[in-house]
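Student: The following block contains a protein sequence and its predicted model.
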2 protein chains.
Amino acid sequence: MNDIVDHRIRRTWTPEGASAAELPAKALRWLSERIGPLTPETAEQAVAPDSAIAVPVSGLPADAAADLLAVVGRENVLDDRAERLGRAGGLSYLDLIRRRHPALGLAVPDAVVLPADPDEVQRVLEVCTAHDVGVVPFGGGTSVVGGVNALRGSKESVIALDLARLDRLVSVDPVSRTAVLQAGVRGPEAERLLALHGFTLGHVPQSFERATIGGFAATRSAGQASSGYGRFEDMVTGVRLATPRGQWRLGAAPASAAGPDLRQLAVGSEGALGVITEVEVRVRPLPGVERYEAFVLNGWQQGSAAVRAMAQAGLLADITRLSDSEETEVSLSLNSGWKIFALRRYLAARGVGEPCLLVLGWHGSSRGRIAERRRRTVRLLRAAGAVSIGTAPGESWRRGRFHGPRQRDALMEHGVCVETLETATYWSSLDRLRDEVRAALRGALPSGAVVMCHISHAYETGASLYFTTLAARDGADPVGQWERAKAAASRAISEGQDRPLGTISHHHAVGVDHAPYLGAEIGELGLQVLRAVKATVDPEGILNPGKLLEQDPADGRAWIRD
Amino acid sequence: MNDIVDHRIRRTWTPEGASAAELPAKALRWLSERIGPLTPETAEQAVAPDSAIAVPVSGLPADAAADLLAVVGRENVLDDRAERLGRAGGLSYLDLIRRRHPALGLAVPDAVVLPADPDEVQRVLEVCTAHDVGVVPFGGGTSVVGGVNALRGSKESVIALDLARLDRLVSVDPVSRTAVLQAGVRGPEAERLLALHGFTLGHVPQSFERATIGGFAATRSAGQASSGYGRFEDMVTGVRLATPRGQWRLGAAPASAAGPDLRQLAVGSEGALGVITEVEVRVRPLPGVERYEAFVLNGWQQGSAAVRAMAQAGLLADITRLSDSEETEVSLSLNSGWKIFALRRYLAARGVGEPCLLVLGWHGSSRGRIAERRRRTVRLLRAAGAVSIGTAPGESWRRGRFHGPRQRDALMEHGVCVETLETATYWSSLDRLRDEVRAALRGALPSGAVVMCHISHAYETGASLYFTTLAARDGADPVGQWERAKAAASRAISEGQDRPLGTISHHHAVGVDHAPYLGAEIGELGLQVLRAVKATVDPEGILNPGKLLEQDPADGRAWIRD
């Protein structure tokens, strides 16, 4: 079984046992020059004990608690404050800010329930339906869009349904190259279990260390190696869900024309249309060899054109990631691992005035196989004006590939307003989307704010854009500061005539934060369709209240219980 | 605008202008030896004039007709018998049999309505909703599962909504490599229009000559080159539908995590959840070079293992098609184009006692590029025991790639019970699925029946199986004969514990014929979800009555109007 990760309230992303990021003095100096003087958090804010946070008494009705105990056993219904606080939402910047400022209010579940297997999950849902208790499915708790906030909606009480005990590799089919994993298996554990059979999933989002298989499916996750292994929905061949109307299995064949693909309704359902309990995934042989390297292109136009050419020629590396010049500049300024001066001179000598870093990662069965693929890509990149800067910066990226959230932890302690958001669109709209989101964020954040962008996932017809912002935090209203910036960016993304300029989320999901913008993307009819599906599988509306679909205004309740 | 293909009742698939297939004397001799004496159809059955078929007077209410005229113009509401008969269903064996035996009854629409564009389609739906008239969206009319039969369901009358006038290429985005095509554009016309811009869709199902873009999307079609270009749903980036609840656009980005992918609800909706009016597709540059070739493997096990190895190594040709030894034997027996004796000697000398034909088709920008891809595939195939038989049999397959339905026409005239069915499953179940479907068909058809099978589409995790049967027709009950065989095969496919052995359709769709088996695949909850979606977008239930979802037994009406 998984270690059930720290039950303490998560004031940071950094998983227990992982090393916390430290910001070198050079980085702090650069930052304060760019965004203005930093106001480090007080020790109290950053590491205050749980006891500093007011937690209401559990509102779970005694009869509901008794029925839940009967299903999962006494030791698997937890209602002490530490356990409840440990599942009080996800890990967005605002989630972490709220935990530093208890007065802002925190939605805490009334209890934590840990079923052992899919059948127990089913029975828990039946109990909660009978007692009208809300259910927040909880995997790794890494949502950055409010997806696991313990909202009550119209319910008097809500439980966190923690899937940590669903931690098994159920079966492997080496002939079909599929495997069934339970929903609560975390990324590293999934890889460990599959590696025993010689396989890998190849799904490595930044949340990899904590996030779970069920969460990947529920949110349409996309990993860093999506160009090689596909998005998570491309890997899912079957899904098993528990719903208040019974268990539901989908996926009879690798491909089918038997009506609409309902797997694609389960994938992305965000706990609102069912609790994913098992996922059947396509697996691949472990790569024998990996190679990471970097190139530099001169300016965003040249860089994005090169990535487009790679995508449209079928020549993407398994990991293909292009930073704009602002993000590249920050990497050069903050990264102590590279020989920066030499690099700058090298690039300047080659006429690269506005360096954009392109990281490529190759997975292959052999060096020869990688060399064969790489040869054509490098030829294309050279023709596009790319300058190779070797394997060291690629390896540096690989080593730090999961460190983004830890760096955010460190930056937050230094009083920085630091957050990311992401979108995607077609190639012909990509520059406009980038321009408009940058302008929206710059307009809403204090002058000096850093807005960086990279392409993290490329397709034949378009690409994702991932933005990171660094700004001086508004100590008086840190929540309002980011909410305004996020709203400006979301409006820029959602504007458009026949369709929005981009999708409101390429791989973070809808959760609470993006729900107001979903209608721009799927239409009022699309919202009605999703509501009808929800009413069918969850007629009492117990599942993940207030997520994916906007809270019905008629429900009216404030989402924070006090 | 498209030529609106022959309005005469379709007693054959063969499109006007296309050459009808002729069966060489050798083939007929072989057939009668295998399946028993043939009883050719009478000239009356095969080519009887439309006037031999009783067609009821149009039941379209006069006020509905007037409102439809107001939308589309007088010349686009057709109610003469020839036009109505021309849209009396699709092109399955049973559709064609019923038209040869008018006494068996034929569902004929009350009128044919031809809107000019998506907005007119929308207004036609509004009129039909107001007057409670059923609507059968009609594209190429090539359904082989009853998908365009003019069933009435609970309605008094039904129109065929012919999309032939929606025949435009709306836009091309060469940067994003996408194009918007109206739903009524047929396969060859789509390719002609895209070729003017240097692009191809690469979607070539056997129905290519007649079928439409809207039909491809509505049925989750898969073309012969699906290994290279993907299934049709992989090509769809956006969809525009008309529904009784308004127009609906889906597809904001190449990929998205904004909740469930509702595009995948529109794709495969079979006219029951909306009328697809425009489809945005991913396009690719026209291949400069094509190459077709063939290999032979020794027995099904060796052949399917080779295709699996290709699929799992990412080494499929764009067209990859493996026939079992029975199908290969029939090809060798019927095909006059090959030097059969020499070929048999050649294979025997190489120890191939049970030849299974593997056809590969390569599309590429250059000979060099094809050679590069091909080299690795051929290496793998040689290691798997494959024997190359050169390009001639590959070219022969290419020339005849759309002739299957025409050969069926010819075989039907010779009194043969000839039909196909298809499914797909995971690799580890593929042999069992093939065995059980073959046994089911053999058990239900007269002794001597030929049951052939091929893999037409391969994936990393599994493959499709496509069966063709030839049997002596039961002249007294031709419908019952095939219905029993089809039911036996469908039961074999749908059996299973947690999930069926295979999908009830890999690329033919559900229509009427597969509706009873859909529940085995998506569960009772899946059926309820689809019904809820339908009730949301089509509350009056006017759209394609009796398709996709089984006719509500409470509706009760016989589907044939008399």
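Tutor: Good, I have the coordinates.
Student: From now on I want contacts and neighbour counts done on CA atoms only, so please keep to that.
Tutor: Fine.
Student: Would you map out the domains in chain A?
Tutor: Taking automatic domain parsing as the domain assignment, the ranges for chain A are A:25-165, A:169-285, A:289-401.
Student: So which of those domains is nearest chain B?
Tutor: domain A:169-285 (4.3 Å; CA to the nearest CA).
Student: pLDDT-wise, which helix or strand of chain A ranks last?
Tutor: helix A:43-47 (a mean of 72; mean pLDDT, DSSP states H and E).
Student: buried stuff in it?
Tutor: Neighbour-count burial for helix A:43-47 flags A:45-46 (criterion: 16 or more other CA atoms under 10 Å in any protein chain shown).
Student: Could you export the next helix or strand after it as CSV, CA atoms only?
Tutor: Using DSSP states H and E, the helix or strand that follows helix A:43-47 in sequence is helix A:62-72. The C-alpha atoms that make up helix A:62-72 are tabulated as CSV, following Å, rounded to 0.1, in the frame of the first residue of the first chain:
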residue,chain,number,x,y,z
ALA,A,62,-23.9,10.2,13.4
ASP,A,63,-26.0,7.7,11.4
ALA,A,64,-24.1,8.4,8.2
ALA,A,65,-20.8,7.9,10.1
ALA,A,66,-22.1,4.6,11.5
ASP,A,67,-23.1,3.4,8.0
LEU,A,68,-19.7,4.4,6.7
LEU,A,69,-17.9,2.6,9.5
ALA,A,70,-19.9,-0.5,8.6
VAL,A,71,-18.5,-0.4,5.0
VAL,A,72,-14.9,0.5,5.5
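Student: Tell me where the stretch 451-562 of chain A is predicted with low confidence.
Tutor: Residue ranges of the stretch 451-562 of chain A with pLDDT under 70: A:551-562.
Student: ok so residue A:361 is a strand residue?
Tutor: Yes. Per DSSP: H, G, I helix; E, B strand; the rest coil, residue A:361 lies within a strand segment.
Student: Mind giving me the packing neighbours of the strand or helix carrying residue A:428?
Tutor: Secondary-structure assignment from DSSP H and E places residue A:428 in helix A:427-444. Under the contact definition 3 or more CA pairs under 8 Å, 6 or more residues apart in numbering or on different chains; DSSP states H and E, helix A:427-444 sits against strand A:450-455, strand A:462-472, helix A:478-494.
Student: any chance of these in JSON lines, with mean neighbour count and distance to residue A:244 too?
Tutor: Output for the helices and strands packed on helix A:427-444, formatted as JSON lines (neighbours: other CA atoms under 10 Å in any protein chain shown; distance: least, CA to CA, whole Å):
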{"stretch": "strand A:450-455", "mean neighbour count": "23", "distance to residue A:244": "39"}
{"stretch": "strand A:462-472", "mean neighbour count": "24", "distance to residue A:244": "35"}
{"stretch": "helix A:478-494", "mean neighbour count": "20", "distance to residue A:244": "33"}
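Student: right, and those - which one's nearest chain B?
Tutor: That would be strand A:462-472 among the helices and strands packed on helix A:427-444, by CA to the nearest CA, at 5.8 Å.
Student: Assign residue A:376 to one of the three secondary structure states.
Tutor: Under three-state DSSP, residue A:376 comes out as helix.
Student: can you pull the contacts of it?
Tutor: residue A:315 (CA atoms under 8 Å, 6 or more residues apart in numbering or on different chains).
Student: Pass me the low-pLDDT residue ranges in the stretch 201-350 of chain A, would you?
Tutor: Using pLDDT under 70, the stretch 201-350 of chain A drops low at A:335-338.
Student: Any residues of it in contact with chain B? List them.
Tutor: Counting by CA under 8 Å from any CA of the partner chain, the residues of the stretch 201-350 of chain A close to chain B are A:219-221, A:245-246, A:248-262, A:264-270, A:282.
Student: Which ones among those residues map onto helices?
Tutor: A:264-266 (DSSP state H).
Student: Adding neighbour count and distance to residue B:126, write those out as CSV.
Tutor: Putting those into CSV (neighbours: other CA atoms under 10 Å in any protein chain shown; distance: CA to CA, whole Å) gives the following:
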residue, neighbour count, distance to residue B:126
A:264, 23, 30
A:265, 21, 28
A:266, 30, 32
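Student: Correct me if wrong, but residue A:522 is in a helix.
Tutor: Yes. When three-state DSSP is applied, residue A:522 is found to be in a helix.
Student: Around the closest residue to it other than its chain neighbours, count how many other residues there are.
Tutor: Once flanking residues are discounted, residue A:522 sits nearest to residue B:250: 5.8 Å by CA to CA, 6 or more residues apart in numbering or on different chains. With neighbours defined by other CA atoms under 10 Å in any protein chain shown, the count for residue B:250 comes to 24.
Student: same thing with residue A:139?
Tutor: Count around residue A:139 with other CA under 10 Å applied: 26.
Student: tell me the most buried of the domains of chain A?
Tutor: domain A:169-285 (a mean of 24; mean count of other CA atoms under 10 Å in any protein chain shown).
Student: Please tabulate the domains of chain A in TSV and include distance to residue B:450 as additional columns.
Tutor: Shown next, in TSV, are the domains of chain A (distance: least, CA to CA, whole Å):
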stretch	distance to residue B:450
domain A:25-165	45
domain A:169-285	26
domain A:289-401	42
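Student: Out of the ones you listed, the one nearest residue B:88 is which?
Tutor: For residue B:88, the closest of the domains of chain A is domain A:169-285, at 22.3 Å, according to CA to CA.
Student: if we can go back for a sec, got a list of what the residue nearest to residue A:522 touches?
Tutor: A:521-523, B:238-240, B:262-263.
Student: Nearest to residue A:119 among those residues?
Tutor: residue B:262 (28.6 Å).
Student: isn't that closest one right next to residue A:265, touching?
Tutor: Yes. Applying CA atoms under 8 Å, one finds residue B:262 in contact with residue A:265, separated by 7.2 Å.
Student: Report the beta-bridge partners for the nearest residue to residue A:358 once chain neighbours are set aside.
Tutor: In space, and not counting its chain neighbours, residue A:358 is closest to residue A:322: 4.3 Å by CA to CA, 6+ apart. Residue A:322 forms beta bridges with residue A:358, residue A:455, as assigned by DSSP bridges.
Student: Please tell me I have it right and residue A:445 contacts residue A:483.
Tutor: No. The pair residue A:445 / residue A:483 is not scored as a contact, 10.4 Å apart, by CA under 8 Å.
Student: hmm, back to that, residues in contact with the residue nearest to residue A:358?
Tutor: For residue A:322, the contacting residues are A:303-304, A:307, A:356-359, A:454-456, by CA under 8 Å, 6+ apart.
Student: can those go into TSV with extra columns for distance to residue B:143?
Tutor: TSV is the format used below for the contacts of residue A:322 (distance: CA to CA, whole Å):
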residue	distance to residue B:143
A:303	46
A:304	43
A:307	40
A:356	51
A:357	51
A:358	48
A:359	48
A:454	45
A:455	42
A:456	41
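Student: Which of those residues sits closest to residue B:96?
Tutor: Nearest to residue B:96 among those, with distances taken as CA to CA, is residue A:307, at 51.1 Å.
Student: tell me the SS of that closest one?
Tutor: helix.
Student: Please state the backbone phi and psi of residue A:156?
Tutor: phi -80, psi -30 (degrees, to the nearest 10).
Student: Report the secondary structure state of residue A:137.
Tutor: strand.
Student: Could you measure from it over to residue A:91?
Tutor: Counting by CA to CA, to the nearest Å, the gap from residue A:137 to residue A:91 is 15 Å.
Student: which residues does residue A:173 contact?
Tutor: Applying CA under 8 Å, 6+ apart, the residues near residue A:173 are A:179, B:428.
Student: give me phi/psi at it?
Tutor: The phi/psi pair for residue A:173 (degrees, to the nearest 10) is phi -110, psi 90.
Student: and what of the one 10 residues further on?
Tutor: Torsion angles at residue A:183 (phi, psi; degrees, to the nearest 10) stand at phi -70, psi -30.
Student: Give me the spatial nearest neighbour of it, chain neighbours excluded.
Tutor: Closest to residue A:183 by CA to CA, 6+ apart is residue A:214, at 4.0 Å.
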